[in-house]
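Peer 1: coords below, sequence missing:
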DNA sequence: CGATGTATTGATGTGGATCAAAATAAGTGG
DNA sequence: CCACTTATTTTGATCCACATCAATACATCG
């Protein structure tokens, strides 16, 4: 599990996507190559709350988020929705499209805010993947990383308390999507989303956050959490 | 989630690995190609309970299980071990080794019974993967499938009861590793392993199995469960 | 026949979900 | 700028599915 951002020489800026890189999916590819890949994509804009694809749909397109926020989730038959991943710029999703014969999407993707993404058709991304084998390597790495994250999450769900899970989730989000301000790291996330990512009910999430606020570890306003003392959230 | 084996025209035999195929990792590759790949592997035998690699080890080798059973698991800091996957013949693990620069193993692998596996060094499997791009495709498919299974498991853990989870786990195991007998499908699994795969305590697993036995759905003896009426285990 | 892992069965406890209700904070459109 | 709607948040009270604990019984095997 990623140790938060206390160590290292404060390079908070862009942990996920190095400067100028579209997405990890295209790392290690020459500039010309990336240009070629980019040329094969079309841009699609969606409004907040708009659905991009649903669980089980045939994977016909590969996406890379450029602007905005999205949610990758799974709707259970019981009705409740499990939030699998927050999508942030640079994230690739619909990776099953890279397969010669695509498997269905594992979850549903929808925009949280207005968003802009790059889209490739199956045939065209396949062609590119053959020209640039690095893409396959990157895709495998990305999916393995997702897998690791789920294993972590799953193990955490079985072995850790709600408080630990919420704390780790908050730190990890701060890591990936936080804005660093003088007062601390600000994370744009609702109480409910945070709980959903940590597998904690929104009620419990609220109580825990309030507890931390009393101790001065964080402050919160609607839709935002400001982390003052990340190290106070680390338990183990 | 895989619908159990009630429908379809009873092809119970080899759902995971088609006849003569070493592993899904090498599907779609010519016989000559497979021979070449096989030639690059060495065989390794391990005894029951022997560890193959540990969580976080640098991924130096790719494995395919040929004979026996293994467990792929994760040890939590709290001490309890989460069983991630039962390894059965044909399963590939250590797939991170396929990456140009390998990521660490996500979990630990160890033999349950005496086992035999094929092993490739990083350099040699890389060379082969470049000669046979199909390998990369297969690997991505396999990992995506693992990912889907974990998402399923995770969603199930959040939205389903212990009974449903245990039932589904048992059915799925029967699917993958069961021997079809006149009386039903026999699964070699201890009470505890079953519970671990379903994220249910061994006590609860025992109680649930006893309940099913009373209803005539299954019978059990130490280390074995015989499923008489798979359809009675399906809930939804 | 100890010794060791597995299974059963009952009693007890509890972490958090769930339910209910109200307060607060943003939009939204007239 | 206000009235209205809709989403988020809080707080308290209640509940329960399961884990946990404890003790015993059962198998298996060297």
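Peer 2: Yes, it's here. Keep in mind the model is a prediction, meaning the values are calculated, not measured.

Peer 1: quick check: residue A:51 touching residue A:108?
Peer 2: Yes: counting by CB atoms under 8 Å, residue A:51 does reach residue A:108; the two are 6.8 Å apart. (Glycine included, C-beta is placed from N, CA and C.)

Peer 1: which of these two has more residues huddled nearby?
Peer 2: More neighbours surround residue A:108 than the other of residue A:51 and residue A:108, with 19 against 10 (other CB atoms under 10 Å in any protein chain shown).

Peer 1: quick one: contacts for that one?
Peer 2: The neighbourhood of residue A:108, defined by CB atoms under 8 Å, 6 or more residues apart in numbering or on different chains, consists of A:51-55, A:72-75.

Peer 1: which of those residues are close to chain B?
Peer 2: residue A:74 (CB under 8 Å from any CB of the partner chain).

Peer 1: narrow the contacts of residue A:108 to those in strands?
Peer 2: Among the contacts of residue A:108, the ones falling in strands (DSSP state E) are A:51-53, A:72-75.

Peer 1: select from those the one having the most neighbours.
Peer 2: Counting neighbours by other CB under 10 Å, residue A:52 leads the ones in strands among the contacts of residue A:108 with 24 neighbours.

Peer 1: give me the nearest residue to that one, chain neighbours excluded.
Peer 2: Excluding the flanking residues, the one nearest residue A:52 by CB to CB, 6 or more residues apart in numbering or on different chains is residue A:109, at 4.2 Å.

Peer 1: tell me if that neighbour really is in a helix.
Peer 2: No: secondary structure of residue A:109 (DSSP: H, G, I helix; E, B strand; the rest coil): strand, not part of a helix.

Peer 1: helices or strands up against the top helix by length along chain A?
Peer 2: Secondary structure of chain A per DSSP state H: the longest helix is helix A:134-159. Under the contact definition 3 or more CB pairs under 8 Å, 6 or more residues apart in numbering or on different chains; DSSP states H and E, helix A:134-159 sits against strand A:81-87, helix A:122-131, helix A:162-177, strand B:81-87, helix B:134-159.

Peer 1: okay, the angle between the first one and helix A:162-177?
Peer 2: Taking axes from the mean of the first three to the mean of the last three CA atoms, to 10 degrees, one finds that strand A:81-87 is oriented at 30 degrees with respect to helix A:162-177.

Peer 1: also the fourth one?
Peer 2: Here strand B:81-87 points in a direction 70 degrees away from that of helix A:162-177 (the same axes, to 10 degrees).

Peer 1: what's in contact with strand B:81-87?
Peer 2: Identification of contacts with strand B:81-87 by CB under 8 Å, 6+ apart yields A:151, A:154-155, A:158-159, B:65, B:69-76, B:91, B:93, B:107, B:109, B:112, B:146, B:149-150, B:173, B:176-177, B:189, B:193, B:196-197, B:199.

Peer 1: is that strand in proximity to DNA strand C?
Peer 2: No: with CB under 7 Å from any atom of the strand as the measure, strand B:81-87 is seen stopping short of DNA strand C, the closest distance being 12.1 Å.

Peer 1: what comes into contact with the next helix-or-strand element following that strand?
Peer 2: Heading C-terminal from strand B:81-87, the first helix or strand you meet, by DSSP states H and E, is strand B:92-93. Strand B:92-93 is contacted from outside by B:23-25, B:62-65, B:70, B:72, B:87, B:109, B:139, B:142, using CB under 8 Å, 6+ apart.

Peer 1: next one: residue A:140 from residue A:223, what distance?
Peer 2: Going from residue A:140 to residue A:223 by CB to CB, to the nearest Å gives 36 Å.

Peer 1: now swap in residue A:203 and tell me
Peer 2: On the measure of CB to CB, residue A:203 and residue A:223 end up 17 Å apart.

Peer 1: residue A:140 and residue A:223: who's more crowded?
Peer 2: For residue A:140 versus residue A:223, neighbours defined as other CB under 10 Å are more numerous around residue A:140 (26 against 11).

Peer 1: in contact with that one, which residues?
Peer 2: With contacts defined as CB under 8 Å, 6+ apart, the neighbours of residue A:140 are B:95, B:98-99, B:136, B:139-140, B:143.

Peer 1: what's the closest of the residues you listed to DNA strand C?
Peer 2: The shortest gap between DNA strand C and any of the contacts of residue A:140 belongs to residue B:95, at 28.1 Å (CB to the nearest atom of the strand).

Peer 1: pLDDT wise, what is that closest one at?
Peer 2: Here, the pLDDT recorded for residue B:95 equals 97.

Peer 1: burial count for the nearest residue to it once chain neighbours are set aside?
Peer 2: The spatially closest residue to residue B:95, leaving aside those adjacent along the chain, is residue B:139, at 5.5 Å (CB to CB, 6+ apart). By other CB under 10 Å, the residues close to residue B:139 number 27.
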